[in-house]
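>>> any chance you could fold what I've pasted below:
(2 chains)
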Amino acid sequence: NAGVTQTPKFRILKIGQSMTLQCAQDMNHNYMYWYRQDPGMGLKLIYYSVGAGITDKGEVPNGYNVSRSTTEDFPLRLELAAPSQTSVYFCASRSGGQPQHFGDGTRLSIL
Amino acid sequence: RKEVEQDPGPFNVPEGATVAFNCTYSNSASQSFFWYRQDCRKEPKLLMSVYSSGNEDGRFTAQLNRASQYISLLIRDSKLSDSATYLCVVNGGDNQGGKLIFGQGTELSVKP
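Next up is the predicted model:
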């Protein structure tokens, strides 16, 4: 049972580099989410999607981009990495009205 | 006002104690409510959904008060393994039905 799969699990970037965090789910869920969690803090919603081709901003979208070309995949793009984006990133998915299923997280450090 | 706000914690309790967590939400149109637990920066895991009539799962009881926009979680007979951060989650409601917002979490530490 794959569920929600995030890659990579760990990454170190230099300031100004770009990268894409991958998220895939095999449960045919409509809704997908990206959160970040800073040390000692709660989860902040970056972007979410209610279906293929539809994305919406969350609480902290600046510095990130997303796309949802398929139901299964919801990649998160960092174009110009900044130290403030050092965090743990969680992807989640769900069906309408149901709880979210989370991936294991991507631990990203920007130096 | 934050969209979802929880007791700041941390809560330090002895084994066997009963502990209650509170959560308030700002969007009166919200329809879905959940409690999650998170262990030491691992991914959050669903503890229980919260229903209007209240619901119980073993030692855990969740209550929802729509009029006061308030959710609670009661843990009876606390175990060492209950030590974690408890997260209140609410959906955005109305045209934000897909948007799920987390509270900042309440940390629980159960001591022998």
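
>>> output the below-cut-off pLDDT ranges for chain B.
Within chain B, the stretches with pLDDT under 70 are B:93-97.

>>> quick one, strands of it?
B:4-6, B:11-14, B:19-25, B:33-38, B:45-49, B:55-57, B:60-65, B:70-75, B:84-91, B:100-102, B:106-111 (DSSP state E).

>>> how about the ones you listed in CSV, adding mean neighbour count?
The way it works is simple: take the backbone N, C-alpha and C, and place the C-beta from them, glycine included. Converted to CSV, the strands of chain B look like this (neighbours: other C-beta atoms under 10 Å in any protein chain shown):
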stretch, mean neighbour count
strand B:4-6, 20
strand B:11-14, 14
strand B:19-25, 19
strand B:33-38, 22
strand B:45-49, 18
strand B:55-57, 12
strand B:60-65, 18
strand B:70-75, 20
strand B:84-91, 24
strand B:100-102, 24
strand B:106-111, 18
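
>>> compile those strands into CSV and extend it with columns for distance to chain A.
Compiled in CSV, the strands of chain B are given as follows (distance: least, C-beta to the nearest C-beta, whole Å):
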stretch, distance to chain A
strand B:4-6, 8
strand B:11-14, 16
strand B:19-25, 12
strand B:33-38, 5
strand B:45-49, 4
strand B:55-57, 13
strand B:60-65, 12
strand B:70-75, 14
strand B:84-91, 7
strand B:100-102, 4
strand B:106-111, 9
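
>>> nearest to residue A:68, of those?
Residue A:68 lies closest, by C-beta to C-beta, to one member of the strands of chain B: strand B:100-102, at 16.2 Å.

>>> what is the closest one packed up against?
strand A:43-51, strand B:84-91 (3 or more C-beta pairs under 8 Å, 6 or more residues apart in numbering or on different chains; DSSP states H and E).
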